[in-house]
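> my questions concern the predicted model and sequence given below.
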There are 2 protein chains.
Amino acid sequence: MRLIIDVMSGDAEPLEAVKGAFKALDELGCEITLVGNETSIKEAISTLSRSEEEIRIVNAESVVTMEDDYLVVIKSKKNSSMSIGLSLLRDGEGDAFISTGNTGALVAGATLILRKLKGVKAACIGAVLPLKNPVLLVDSGANVEPDAKSMHQFAVMGEVYARNMFNLGSPRVALINNGTEYTKGNALARETYAILKEDTDINFVGNVEGRDIVDDVCDVLVADGYTGNIILKLVEGFGHYMSSTLKGLLFKNLKTKLGAIFLSGEAKALKKSMDYTEYGGAPLLGVAKPVIKAHGNSNAKALFSACRQAIAFVETGIVSEIAEKAELWRNNRKEAEHE
Amino acid sequence: MRLIIDVMSGDAEPLEAVKGAFKALDELGCEITLVGNETSIKEAISTLSRSEEEIRIVNAESVVTMEDDYLVVIKSKKNSSMSIGLSLLRDGEGDAFISTGNTGALVAGATLILRKLKGVKAACIGAVLPLKNPVLLVDSGANVEPDAKSMHQFAVMGEVYARNMFNLGSPRVALINNGTEYTKGNALARETYAILKEDTDINFVGNVEGRDIVDDVCDVLVADGYTGNIILKLVEGFGHYMSSTLKGLLFKNLKTKLGAIFLSGEAKALKKSMDYTEYGGAPLLGVAKPVIKAHGNSNAKALFSACRQAIAFVETGIVSEIAEKAELWRNNRKEAEHE
């Protein structure tokens, strides 16, 4: 297993990413290619008292920043760590690519450098919501204005990913909506509902409302990228809010601090369950090879989780399975055009 | 001050609503008209050992259920407690109307029986999110597919409400989006941003992302009703999730129960801060008179809060202020048509 890791594009210095990569090298038995500024990477390796011989370094002269337009990756910054990493993956010099960078640029770059699978209308990002049970949210922000057919494809691709990665026989697929009845929603939601209802290959459990998401009612949650991104960030925001509120509660005064002593084990378990670093990153679905978007401020642990996730992404053959589905969509479209 | 209360339309028996109404009668010095099944209301009054003489009862022969289509209130169920209550308000037999019923029916009924203020394109519902600081979410579900001009009106009407009810000099108005840059969002969000940016009468602070909502970055949050409803219910769901998780943590075993003793005061304060019953109900904005939608499973406390809120809604003159703004919109539209 050969992983390509962009260690430059995130908000953090490469040290944490390099540390996570070496942990993956040690514990997961994979080969690692680090892409980024060679000097910075070598400094990080030296800081960690490791050897450059253990991994491959590919120098990149620029970095896609979080503020960059999403098209820079294929225009003005072709020599960026993200662009080079994607090209290495395309050229077979690795099995999966992990980047902590700009989501929009990563989706655009993966779509244009790796290409979409034939039959896929739009690639999407599947983020894992850290709730009681993990919920895969598709799309979580790549397509702010998809059509209903794309929404259906997000659902199917998400189903394949969740079934393989969460070890589920038949993941429950739900559509986020402003009510459970099929008549609810805007035009896109109503049209998507109708298509999902017709697809007997997936276990579509219908519309779910915002309040139900936390209650283990689905494994895959389908949304347009605008709504999905708002949901993802609201869940993340609430995770932080919950942690900080709990912390404030436990350490407010001497009396509560005394109580905190009895609760520390449980509080840690709770914090862990709300911690996105446990779940790794967000998979890109619909592109020709496995790509994972890790959090922009990923620490070593989060990057290590993303590596473990990337290996499972490759080994379960998710991309091939999605490619088969996409081939069917393509044939159906061709037939429809001929009629 | 004369309040009209629909005690039948909620999920709960009328007893709790009647109890809340009597509390308002005792503590807020208002006159109360209860609308609903006369026998049930009299039974509730008797259970509470109060006298029928203290309030006015108006009998209603049917009830709008949560499952009813939103148009029943003006079609097949004109004799429902909701329809009669709205008609009493229209006819000047009260200053404000409170209902625990079906939101869609209440909006449709208020729009058709009371009428919208002239110049208002669509009435909206402003729900208060129970966060660190209260945030008024407009629209929270009345219009799943508004246009950008309606979104602007939601913002202005929400600003008037928040300024008067939260005692703020200049409420911060924000637009929910999938990123902070003005280029972000679907077509509706981008167009709405442009209009809000131009309106110098409101303190528009730009786009906010889902994760920022919990961080006291705005007082009024503008959303289309589809997205707003998902946000509202997700925040409610997280409130419950947080309470139940905290409870599970505190009462897990003997050791944590011991810790809980030291924390009980703080835990109660936290639970209270996440409790929607503290905030009363959701105001309808853009209709000709004050209407409040109280939670469907409102207990006496929540209904009492809604009464207190209704009184402030009337006394602050919010409806007149919105009417003045709407008159300007109407004149601008006329001018634009003449040009």
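Ah, there it is.

> bridging residues for residue A:287?
Assessed by DSSP bridges, residue A:287 has beta-bridge partners residue A:116.

> quick check, pLDDT for it.
Per-residue pLDDT puts residue A:287 at 98.

> show me the contacts for it.
Contact analysis of residue A:287 by C-beta atoms under 8 Å, 6 or more residues apart in numbering or on different chains lists A:110, A:111, A:114, A:115, A:116, A:117, A:123. From N, CA and C alone the C-beta is placed, and that goes for glycine too.

> gap between the residue lying closest to the second one once chain neighbours are set aside and chain B?
Distances taken as C-beta to C-beta, 6 or more residues apart in numbering or on different chains place residue A:123 nearest to residue A:111, at 5.4 Å, with adjacent residues excluded. In this structure, residue A:123 lies at 16 Å from chain B, with C-beta to the nearest C-beta, to the nearest Å as the measure.

> correct me if wrong: residue A:123 contacts residue A:107.
Yes: at 6.0 Å, residue A:123 counts as touching residue A:107 under the criterion of C-beta atoms under 8 Å.

> quick one on the thing from earlier: pull the number of nearby residues for the residue nearest to residue A:111.
26 (other C-beta atoms under 10 Å in any protein chain shown).

> need phi/psi at it.
Reported as degrees, to the nearest 10, the phi and psi values for residue A:123 are phi -70, psi 150.

> per-residue pLDDT, it?
On the pLDDT scale, residue A:123 is placed at 96.

> same question for residue A:271.
66.

> next: residue A:297.
pLDDT, residue A:297: 68.

> before we move on, the earlier item: need the residues touching each of residue A:123 and residue A:107.
Overlap of the contact sets of residue A:123 and residue A:107 (by C-beta under 8 Å, 6+ apart) consists of A:142, A:284.

> show me where pLDDT drops low in chain A?
Where chain A drops to pLDDT under 70, the residues are A:263, A:266-267, A:269-279, A:296-298.

> okay, how far is it across stretch A:268-282, tip to tip?
End-to-end distance for stretch A:268-282: 24 Å, by C-alpha to C-alpha, to the nearest Å.

> still on that earlier bit, can you pick the most crowded of the contacts of residue A:287?
Within the contacts of residue A:287, most neighbours by other C-beta under 10 Å means residue A:110, with 28 neighbours.

> measure how buried residue A:240 is and give me the count.
For residue A:240, the count of nearby residues is 14 (other C-beta under 10 Å).

> starting at the chain centroid, how far to the helix or strand encompassing it?
Here residue A:240, judged by DSSP states H and E, is contained in helix A:225-250. On the basis of C-alpha atoms, centre = their mean, to the nearest Å, helix A:225-250 sits 17 Å off its chain's mean C-alpha point.

> that one packs against which elements?
Packed against helix A:225-250 by the contact rule (3 or more C-beta pairs under 8 Å, 6 or more residues apart in numbering or on different chains; DSSP states H and E) you find strand A:124-129, strand A:135-138, strand A:172-176, helix A:254-273, helix B:225-250, helix B:254-273.

> just send these back as JSON lines, with distance to residue B:130 too.
Output for those, formatted as JSON lines (distance: least, C-beta to C-beta, whole Å):
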{"stretch": "strand A:124-129", "distance to residue B:130": "21"}
{"stretch": "strand A:135-138", "distance to residue B:130": "23"}
{"stretch": "strand A:172-176", "distance to residue B:130": "21"}
{"stretch": "helix A:254-273", "distance to residue B:130": "21"}
{"stretch": "helix B:225-250", "distance to residue B:130": "6"}
{"stretch": "helix B:254-273", "distance to residue B:130": "7"}
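
> what residue is smack in the middle of chain A?
Centroid-nearest residue in chain A, with C-alpha atoms, centre = their mean: residue A:282, separated by 0.6 Å.

> isn't it right up against residue A:127?
Yes: proximity of residue A:282 to residue A:127 meets the contact threshold set by C-beta under 8 Å, at 4.3 Å.

> which neighbours do those two have in common?
Common contacts of residue A:282 and residue A:127 (C-beta under 8 Å, 6+ apart): residue A:140.

> where along chain A do the helices fall?
Ranges of helices in chain A, per DSSP state H, are A:14-28, A:38-47, A:81-90, A:103-109, A:148-165, A:187-198, A:225-250, A:254-273, A:300-315, A:318-338.

> what comes up buried for the second one?
Within helix A:38-47, the residues that qualify as buried by neighbour count (16 or more other C-beta atoms under 10 Å in any protein chain shown) are A:40, A:41, A:44, A:45.

> the first one reaches residue A:8, doesn't it?
When you say that, I think you mean residue A:40. Yes: with contact defined as C-beta under 8 Å, residue A:40 reaches residue A:8; the gap is 7.4 Å.

> so what sits against both of these two?
residue A:14.

> for residue A:61, give its distance to chain B.
Residue A:61 is 26 Å from chain B, by C-beta to the nearest C-beta.

> phi and psi next, for that residue.
Backbone dihedrals for residue A:61, given as degrees, to the nearest 10, come out at phi -90, psi -20.

> who touches it in this structure?
Residue A:61 touches A:37, A:79, A:80, counting by C-beta under 8 Å, 6+ apart.

> which among these end up buried?
Looks like those have A:37, A:80 buried, using 16+ other C-beta under 10 Å.

> between the contacts of residue A:61, which is closest to chain B?
residue A:80 (20.1 Å; C-beta to the nearest C-beta).

> how many residues are close by residue A:304?
Neighbours of residue A:304 (other C-beta under 10 Å): 25.

> what separates it from chain B, distance-wise?
Counting by C-beta to the nearest C-beta, the gap from residue A:304 to chain B is 24 Å.

> what of residue A:320?
According to C-beta to the nearest C-beta, residue A:320 and chain B sit 31 Å apart.

> relative to residue A:164, how far out is that residue?
Going from residue A:320 to residue A:164 by C-beta to C-beta, to the nearest Å gives 11 Å.

> next: residue A:210.
Residue A:210 is 27 Å from residue A:164, by C-beta to C-beta.

> these two: who's more crowded?
Ranked by neighbour count (other C-beta under 10 Å), residue A:210 and residue A:164 place residue A:210 first, with 23 against 17.

> thought the more buried one was touching residue B:226?
No: contact between residue A:210 and residue B:226 fails when scored by C-beta under 8 Å: they sit 10.9 Å apart.

> which residues of the stretch 201-339 of chain A lie near chain B?
Listed as neighbours of chain B in the stretch 201-339 of chain A under the rule C-beta under 8 Å from any C-beta of the partner chain: A:209-215, A:224-227, A:229-238, A:240-242, A:245-246, A:249-250, A:252, A:255-256, A:258-263, A:266-267, A:270.

> same thing but 6 Å
Listed as neighbours of chain B in the stretch 201-339 of chain A under the rule C-beta under 6 Å from any C-beta of the partner chain: A:209-211, A:214, A:226-227, A:229-230, A:233-234, A:236-238, A:241-242, A:249, A:252, A:255-256, A:258-259, A:262-263, A:266, A:270.

> and those residues, which are buried?
A:209-211, A:214, A:226-227, A:229-230, A:233-234, A:236-238, A:241-242, A:249, A:252, A:256, A:259, A:262-263, A:266, A:270.

> next, the buried residues of stretch A:136-153.
Neighbour-count burial for stretch A:136-153 [16+ other C-beta under 10 Å]: A:136-144, A:146, A:148, A:150-153.

> closest to chain B out of these?
residue A:144 (4.8 Å).

> can you pull the contacts of the nearest residue to that closest one once chain neighbours are set aside?
In this structure, residue A:144 finds its nearest non-sequential neighbour in residue A:226, 4.2 Å apart by C-beta to C-beta, 6+ apart. Contacts for residue A:226 were tallied using C-beta atoms under 6 Å, 6 or more residues apart in numbering or on different chains; they are A:144, B:178, B:186.
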